[in-house]
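what follows is a predicted structure for the sequence shown.
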Amino acid sequence: MGWRRSAVAALAAHVALPAAAQDLRLPVLVPLTGFVALEGTSQRNGALLAASQLKDVTLKPDVLDTQATPEAAVTAWERVMGGAPSPAVVGPILGTQMLALLPLAQDRGVPLLTISGTARLGELGNPWFFRFFPSDATVKVAHARYVVETLSAKRPAVIYQSTAYGQSGREQLAKTLIELKAPPVLEESIAPTVNDLSPALLRAKNANADVIVLHLHAASTVLAVRQARQLLPDVPIVAGSAMHQPATAALLEPAELKGVCAETAASPISATSGPMRAFLDAYRAAYKSEPDAFAAAQFDAVGMLGQIIAELRKAGQPVTPKAVRDRLASDIYHGVVTTYRSDGKGNMAHEAEIVCFGGTDRIPKPAARYSIPPRS
């Protein structure tokens, strides 16, 4: 495939630029500092890589750090909205920040492309919301099904983050585990600032848990796995998507990863061929690091945006945020992770994967894939 570097520009929010104009501004609002910095950095890198590869449209990414609070996200939004208009905005992975930005996007009339998994985002009826990572209503169903159907667990202990992300995942996990007749024997909420998870793990041990189910951000995931391997060495762990990240796995020894699995949309580092392998090679060349599913999903989101803009121009139609929104809501896009189409609520991805580590290296292997079609 041919790749091309992006150049500078602007697009009027509701007034189309001439068809000959090629340069468009793309605000990228992501957390680059704080407890989700690993995830936000992946999100940024995926967006920038996609922008650099577009053939028929040049996008000028404008990256701002949303840190880790809703207030910082709003400040970043106000800064980018004061500049040249844009056809869409990349929104942060952190659910609380997206909750703060969605009303602003609706007021402004600009599509927000995100990979935030918080299930509630898709239930707000905001027509400017588009999620390219499977929501908790998809990945947590896969998470729970793998625990019960594949591991045959009957007594799961759920340890989840106290953030909106964690609460959303916990709700979906509990609902599905109960439906599968394996209700949690323990549900433990952990703040991102907690640096000792041994009390929660000991409670899981005392509850005779037969699997540890984690739904935590990256830093807490590392701590939970490390301490679980000391306190509960023979109990399997099925973690959230943070665990599949190469940057997370790099903080643990391969032996500590034995018996650890994770839910995710995909595992680019495990790819050996096809479009995902091409993405993996391009990412490594650009960033000298390993990509994760967050980077790949955001790569696909910007790729779909580029395709929509190119098709609008080819058809001689005005490129406006509304025109982009309408196409995001109706088009089908074949990305490197999956095939994307909206379920009418802005949820674009409807598959989830379970990957597992073997204990000899830090590269997980696909263990199961689940397709959960959107309701019609």
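That came through, no problem. Quick caveat, the model's predicted, so the values are computed rather than measured.

doesn't residue 87 make contact with residue 319?
Yes: using Cβ atoms under 8 Å, residue 319 is in contact with residue 87, at 6.1 Å. No exception for glycine: its C-beta is placed from N, CA and C like everyone else's.

higher neighbour count, these two?
The neighbour comparison of residue 319 against residue 87 (other Cβ atoms under 10 Å) goes to residue 87, with 27 against 23.

my reading is that that one lies in a strand. Confirm?
No: judged by DSSP: H, G, I helix; E, B strand; the rest coil, residue 87 forms no part of a strand; its state is coil.

which residues touch it?
Residue 87 makes contacts with 11, 24, 26, 110, 111, 305, 309, 319, 320, 321, 324, as judged by Cβ atoms under 8 Å, 6 or more residues apart in numbering.

of the residues you listed, which belong to helices?
Among these, the members falling in helices are 305, 309, 321, 324 (criterion: DSSP state H).

name the member of these with the most neighbours.
residue 305 (28 neighbours).

residues near residue 122, how many?
The burial count for residue 122: 23, using other Cβ under 10 Å.

so for the residue most central in space within the chain, what's the pLDDT?
Nearest to the geometric centre of the chain sits residue 115, at 3.8 Å (Cα atoms, centre = their mean). Reported pLDDT at residue 115 in the predicted model: 98.

where's the spatially closest residue to it that is not a sequence neighbour relative to residue 223, distance?
In this structure, residue 115 finds its nearest non-sequential neighbour in residue 133, 3.7 Å apart by Cβ to Cβ, 6 or more residues apart in numbering. From residue 133 over to residue 223 the distance is 24 Å, taken as Cβ to Cβ, to the nearest Å.

residue 371 too?
Plainly put, residue 371 is 33 Å away from residue 223 if you go by Cβ to Cβ.

ok, the two, which is more surrounded?
residue 223 (19 against 10).

what's the local residue count around the residue nearest to that one when sequence neighbours are not counted?
In space, and not counting its chain neighbours, residue 223 is closest to residue 197: 5.4 Å by Cβ to Cβ, 6+ apart. Applying other Cβ under 10 Å, we find 23 residues neighbouring residue 197.

quick one, what contacts residue 197?
By Cβ under 8 Å, 6+ apart, residue 197 lies in contact with 159, 190, 220, 223, 224, 227, 228.

show me what contacts the fourth one?
This means residue 223. Neighbouring residues of residue 223 by Cβ under 8 Å, 6+ apart: 195, 196, 197.

for the residue nearest to residue 223, give its distance to residue 221.
Per Cβ to Cβ, residue 197 is found 10 Å from residue 221.

and residue 165, what pLDDT?
Looking at residue 165, its pLDDT is 89.

I'd guessed it sits against residue 117; true?
Yes: the pair residue 165 / residue 117 is scored as a contact, 6.5 Å apart, by Cβ under 8 Å.

what touches both of these two?
Common neighbours of residue 165 and residue 117 (Cβ under 8 Å, 6+ apart) are residue 95.

could you dump the ones in helices among the contacts of residue 87 to a markdown table with pLDDT and distance to residue 59?
Formatted as a markdown table, the ones in helices among the contacts of residue 87 follow (pLDDT from 0 to 100; distance: Cβ to Cβ, whole Å):
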| residue | pLDDT | distance to residue 59 |
| --- | --- | --- |
| 305 | 98 | 8 |
| 309 | 97 | 8 |
| 321 | 97 | 14 |
| 324 | 98 | 12 |
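
so can I have TSV of these showing distance to residue 71?
TSV is the format used below for these (distance: Cβ to Cβ, whole Å):
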residue	distance to residue 71
305	27
309	32
321	25
324	28
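
quick one: the strands in the stretch 151-300 of the chain?
Applying DSSP state E, counting those that start in this stretch to the stretch 151-300 of the chain gives strands spanning 156-161, 186-190, 211-215, 237-239, 260-264.

what's the fourth one in contact with?
Outside of strand 237-239, the residues that reach it under the criterion Cβ under 8 Å, 6+ apart are 143, 146-147, 151, 211-216, 221, 224-225, 228, 259-263, 354.

okay then, goodbye and thanks.
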